[in-house]
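Participant: pasting the structure only:
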């Protein structure tokens, strides 16, 4: 993903926004080691910086409990770059739109209108990368 993001940006400093969708996530789905690995990878390897995290948890009881804990444990920089949406799906989409993330930018699984075919996308990326070699 980092390579694709970096190719799409003429200015590496412009960065990208990371949108997470946790509609059906429970506390038991959280894997601390995986999250630590992702954070380490992001801080040490990605050629483009993540400007903001939009964490979407429509009507998630679990995140309503965890939100204050997450904000309390996060450092000031992380708190300033993260937005946790713990309202209904329609409110979440309105909130994202206020940040410039419109429905046509989001996959249908997130309530958007973008029809994303992951296997097809991966095949297209492979073709591009093989062409560059």
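Facilitator: Cool, the structure landed. The structure displayed is predicted, hence computed values, not measured ones.
Participant: is it true that residue 55 lies in a strand?
Facilitator: Yes: assignment of residue 55 by DSSP: H, G, I helix; E, B strand; the rest coil places it within a strand.
Participant: And the helices in this protein, which stretches?
Facilitator: In the chain, the helices defined using DSSP state H lie at 2-8, 32-44, 61-73, 76-81, 89-98, 118-132.
Participant: Buried deepest among those, which one?
Facilitator: helix 89-98 (a mean of 15; mean count of other C-beta atoms under 10 Å). To be clear about C-beta, it is placed using only N, CA and C from the backbone, and glycine gets the same treatment.
Participant: who does that helix touch, helix- and strand-wise?
Facilitator: If you count contacts as 3 or more C-beta pairs under 8 Å, 6 or more residues apart in numbering; DSSP states H and E, helix 89-98 packs onto strand 50-56, strand 82-85.
Participant: who does the longest one touch, helix- and strand-wise?
Facilitator: So the one you mean is strand 50-56. strand 16-21, helix 76-81, strand 82-85, helix 89-98.
Participant: where does the chain dip in pLDDT?
Facilitator: 1-13, 27, 46, 58-60, 62, 132-133 (pLDDT under 70).
Participant: Number of residues surrounding the residue nearest to residue 83 when sequence neighbours are not counted?
Facilitator: Among residues not flanking residue 83 along the chain, residue 54 sits closest, at 5.4 Å (C-beta to C-beta, 6 or more residues apart in numbering). Neighbour count of residue 54, defined by other C-beta atoms under 10 Å: 18.
Participant: how near is residue 54 to residue 16?
Facilitator: Noted for residue 54: a distance of 11 Å to residue 16, by C-beta to C-beta, to the nearest Å.
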